[in-house]
Structure formats: structure tokens, C-alpha cells
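*Asks:* any chance you can model this:
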Amino acid sequence: MTLSLDYAALSDVGRVRRNNEDSAYAGPYLLLLADGMGGAAAGEVASAAAVQVIRRLDKPGITGPDMMEALAGAVHRANERLSELVEEDPEREGMGSTVTALLFDGQELGLAHLGDSRAYRMRDGLLYQLSHDHTFVQSLVDEGRISKEEAFTHPHRNLILRVLDGRPDSDPDLEMLDVQAGDRLLLCSDGLPDYVSDQVIATSMADGTPDSVVVDLITHALEAGSNDNVTCVVADVVETAPASGTDPQLVGAAAELAQGSTGPATTTMRATQGDGSGGGGGSAAGLDPEELRYAPRAPKRFLWLRRLAVLVVVLGLIGGGGWFAYNWTQKQYYVGTDGDYVAIYKGVDEVVPGLNLSSLYEKQTLEVDKLPTYNREQVEGTIQADHLAAARQIVSELQRAADECAAKPTPKPTPKPSTPPATGKPVSTPPKPPATTVPASTPASTPVATPSNGTVNPDDCDGVR
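*Replies:* Alright, predicted model coming up:
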């Protein structure tokens, strides 16, 4: 069984607003609503641009899982279009729009949602909200910090956390929904649910045709003191061809801009526009609340200035880190060589192009060649010290090692006895002289060297010059 939609769309500028920033579209395969926001009359531009891009999905042949891909792609293209509009006119910085769309293939619905506009379905007399608000207050409800009743009157109920605004992270919620004959669908901007309870909405949705329902809902919002634009799209799921509304309907800012009109659209209920002095806290009370709807998202105006500030901060951190590192190196010492002598250097023995990290601090009188082999290799490779006193202690140890090597006697080679040439004649051995006895109390006439008690390996002293 193939189903079809019988639909109606209506938008009202409201009793306070000077401009209608809502845009909506209803067609055989697509129901779409966008609520624009932002200063400098950019809200209507944002919502109209989003609707004009996404409405291209209103055609047969998009079915099943393809609807999710089609909806996601259309929302991303609309987001890119908003980015282009901001590039064309910097005064549009900060503008954005909600998006709530239902794509219909005759058997299922595909939902794409971003922002605080809403999608409802009434089935068997029960009203159910299909979309999930991307607002600060809804996050409090989700966390259990406030109730739904408290959210209805919360002073920050219009503060949006996610919106279509030309930034790359504007991804919508996507969901496939079942549908059956007798279902009634509703898309509305926040000008309705912020002032009219779900019970009143359900009562209005229970009877009448789509045309009469949209009129009834907007009337309830205006009578409740709504200070916002109010837009509704209502569609019945029917088994037969729709009785009316076979032609697509475009309402709100999208219709006004399409007609090139700067005044009130012919598709709205009310032709008069408020001067800001009406009820509900209009612009006369100060800053328009509509311009605060995405307060959590900083505008991109003066982006070059912020980027410059970030660059300065980054360079400052790099420079500060570099200065700290250099300052640390200048508190270090090491022992090395300066020509033929041992020397103490201040800094670290590292090479950085364009930067000298060490300097000669003290040249010693100790010659490198006087050091044992092991110590000489240490000095030539440099010996690190944590501070000046430690470096001087290293030099003292090196001096001691050099002194030990200098104190060690150089061993003399023992002459070998000569062997007379063989003549074939016996050689007479002269008689040994009689031994002379030396009294015990008489000291030896030849001094005897005492070996050093130092720690230097005698083999290391062989290389001392």
C-alpha cells in the first residue's frame, strides 16, 4: 500500500517582530521548516537559504536508507551555502538557522533535525515529539536537573547549543521513522511550543483539516503572548490521493525573498507588524533575545584579529619556553679543553644553529697531556657538572690524577749480560773476591723508591707526556 501526504503550511510574523525569520516548505515528498536567527536582518537570509537548498529533495525515487544519505547531504550543502553568504557579506557573521525536515517515500519517513524547531506525530490520539531539542534547557532535562514543566518556563529555554551556521561541525540528527495511514505530522518553530503546552497542541491536532489546524495552532500561540515568529506545517498521511494542497507550498522568509518583497509576505496571517512595544518582551525592552539564541557559540566577526591574538599567544609561549630553556643552560657547567689546557665552561656542550650555548669560564693551568689516558679521554669528551663548585671539584680530581702519574718513577730497562764469542778455547773465570760483611747498624748506601699509594691505574700513566 502506497501512502501520500495531505499538507498545509502557514507562517506569521507575530505581534512583536519586524521581520519574519521563519521559512517553511511542504510538498508531496518533503516537509521542511527553518527558523533563522542573527542580527543585521540575517536570520531570514539564513532560513531562506537553507530551505531553498534542502527543498530540492522533494522528488520521487529517494527511498529507504538512501533517505538518510540524501538528507545529510542536503543539510551539509545548505550549511556550505550559509558559509558562502557570510563570505559575500561579512555583516552576516553570526547568522544561523534551525533545520527540521521529514522526507517521505510513501512507506517511511526520514528525519533530519538541528536546533530547537520541533517535529511531532499524532497517532491514535496521542502526541509524540519526534525531534530532540538542541538547547541548554533540554540538556538540563536530559541530566535530570530540571523537569519538563520547569523547562517550559525556564528563562534560558531559547538558548541553542547546535545550529546550522556555516561551520563544519553542523551535523544534524538523522533517524528513520515508521509511518501509517491516519498519522498526523507537525513541524513548528519555537514560537509555538515555547508558549503553547503539548496538551493544547494535541487538542488542536486532534480535529480538522491540515489547513484549519495550522490556523488554530498559530492563533493559540499569538493569544498566549508569543513574541516570536510562528510557523507550522501540518500533514496527514492518507491512503488515497490528497484532497488539497497538491502543489508545493513555500511560506515565510523564503517566500518573501523569492518574490523580491521587503514587506510582509502574502502567505502570513497578519499583515501588520509590531513596533516593538507589544507584549511578551519585544525589542523595546533592550537587546532582542533572538540575537542571543546562540550565545554559547562565539561569532566569527574579526576572525583575523582573533587569529592574530592566538598567534601572538602561541609565539609568546614558544618564546617564553625558549627563554626558560636558554636560561637553564646558562646555569650549567662542564669541564673540557681549551687548546692544550683543561678549562671550565659555562653552559652546555650542544650545537644550535645561530645560538651559542656555552662560553669559556675558567682556563686552568693543568695540561691535558699530563692526565692519565682515561681522564684525558673524559676531558676531551667533556664532563658535565651541575654547578660551578662541582666543576672545580672535577678539576681538582683531575689534578690529583696528574700528580699521581708524575710521582710514579719511570722503570729503567735491565741490561742483559753479554755472551763472549765462541773461540773454541776454554775461558778462565777469575776467582770471586771474598765477601765483605756489613754490620746491621750500617744503612744501605743506595736509596730504595717507595711505590705510590694512589688510585690511578699505572697503565693509564704510560701515555702521559
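
*Asks:* which SS state does the residue nearest the centre of the chain fall under?
*Replies:* Central residue of the chain (Cα atoms, centre = their mean): D169, 11.2 Å from the mean position. The local conformation at D169, judged by DSSP: H, G, I helix; E, B strand; the rest coil, is coil.

*Asks:* same check on E404?
*Replies:* Secondary structure state of E404, per three-state DSSP, is helix.

*Asks:* what pLDDT does the model give it?
*Replies:* On the pLDDT scale, E404 is placed at 83.

*Asks:* how about the helices in the chain?
*Replies:* Taking DSSP state H, the helices of the chain run over residues 43-54, 66-88, 136-142, 148-152, 198-206, 210-223, 253-259, 303-329, 373-380, 388-407.

*Asks:* wait, which of those helices is closest to D236?
*Replies:* Of all the helices of the chain, helix 210-223 sits nearest to D236, with 5.9 Å by Cβ to Cβ. The C-beta positions use only the backbone N, C-alpha and C, and glycine is treated the same way.

*Asks:* the closest one - contacts with which helices or strands?
*Replies:* Helix 210-223 sits against strand 4-12, strand 184-188, helix 198-206, strand 230-238, with contacts defined as 3 or more Cβ pairs under 8 Å, 6 or more residues apart in numbering; DSSP states H and E.

*Asks:* same thing but 10 Å
*Replies:* strand 4-12, strand 22-26, strand 184-188, helix 198-206, strand 230-238 (3 or more Cβ pairs under 10 Å, 6 or more residues apart in numbering; DSSP states H and E).

*Asks:* got TSV for these, with distance to S47 too?
*Replies:* Shown next, in TSV, are the helices and strands packed on helix 210-223 (distance: least, Cβ to Cβ, whole Å):
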stretch	distance to S47
strand 4-12	10
strand 22-26	4
strand 184-188	13
helix 198-206	22
strand 230-238	9
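
*Asks:* nearest to E380, of those?
*Replies:* Closest approach to E380 among the helices and strands packed on helix 210-223 is made by strand 22-26 (80.8 Å; Cβ to Cβ).

*Asks:* the closest one: partners in the sheet, and parallel or antiparallel?
*Replies:* strand 30-37 (antiparallel), strand 249-252 (antiparallel) (DSSP bridges).

*Asks:* what's the spacing between V200 and L57?
*Replies:* 32 Å (Cβ to Cβ, to the nearest Å).

*Asks:* so between these two, which is more surrounded?
*Replies:* L57 (22 against 17; other Cβ atoms under 10 Å).

*Asks:* correct me, but that one touches V51?
*Replies:* No - L57 is beyond contact range of V51, at 11.1 Å (criterion: Cβ atoms under 10 Å).

*Asks:* identify the contacts common to these two.
*Replies:* 25, 32, 101 (Cβ atoms under 10 Å, 6 or more residues apart in numbering).

*Asks:* related to what we said a few turns ago, wait, the residue nearest to the centre of the chain touches R162, no?
*Replies:* Yes - D169 lies in contact with R162 (Cβ under 10 Å); the separation is 8.4 Å.

*Asks:* before we move on, the earlier item: please identify the most buried of the strands paired with strand 22-26.
*Replies:* Ranked by mean neighbour count, those are led by strand 30-37 with a mean of 30 (mean count of other Cβ atoms under 10 Å).

*Asks:* figure out how far it is from the centre of its chain.
*Replies:* Strand 30-37 sits 29 Å away from the centroid of its parent chain (Cα atoms, centre = their mean, to the nearest Å).

*Asks:* swap in stretch 336-354?
*Replies:* On Cα atoms, centre = their mean, the centre of stretch 336-354 falls 44 Å from that of its chain.

*Asks:* over to stretch 331-341?
*Replies:* For stretch 331-341, the separation from the chain centroid amounts to 47 Å (computed by Cα atoms, centre = their mean).

*Asks:* nearest to A406 among the strands paired with strand 22-26 would be which one?
*Replies:* Taking Cβ to Cβ, strand 30-37 is the member of the strands paired with strand 22-26 nearest to A406, at 90.3 Å.

*Asks:* quick one: low-confidence parts of the stretch 251-400 of the chain?
*Replies:* Filtered on pLDDT under 70, the stretch 251-400 of the chain yields the residue ranges 260-307, 354.

*Asks:* now with 90?
*Replies:* Applying pLDDT under 90 to the stretch 251-400 of the chain flags the ranges 256-332, 334, 338-340, 346-382, 384-395, 397-400.

*Asks:* who touches stretch 384-394?
*Replies:* Contact with stretch 384-394 is made by 331-335, 342-346, 348-349, 361-362, 364, 375, 378-379, 383, 395, as judged by Cβ under 10 Å, 6+ apart.

*Asks:* mind giving me the ChimeraX command for buried ones among those?
*Replies:* To isolate the buried members of the contacts of stretch 384-394 in ChimeraX, using 16 or more other Cβ atoms under 10 Å:
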select :332,333,334,335,342,343,344,345,346,348,362,364,375,378,379,383,395
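
*Asks:* excluding chain neighbours, what is closest to S83?
*Replies:* Leaving aside its chain neighbours, S83 sits nearest to G166 (3.6 Å; criterion: Cβ to Cβ, 6 or more residues apart in numbering).

*Asks:* so what's the residue lying closest to L185 once chain neighbours are set aside up against?
*Replies:* If the residues on either side of it in the chain are set aside, L185 comes closest to A235, at 4.6 Å by Cβ to Cβ, 6+ apart. The contact partners of A235, by Cβ under 10 Å, 6+ apart, come to 4-9, 26-28, 31, 102, 104, 183-187, 210, 213, 242, 245.

*Asks:* same question, A181
*Replies:* A181 neighbours (Cβ under 10 Å, 6+ apart): 1, 3-4, 236-240.
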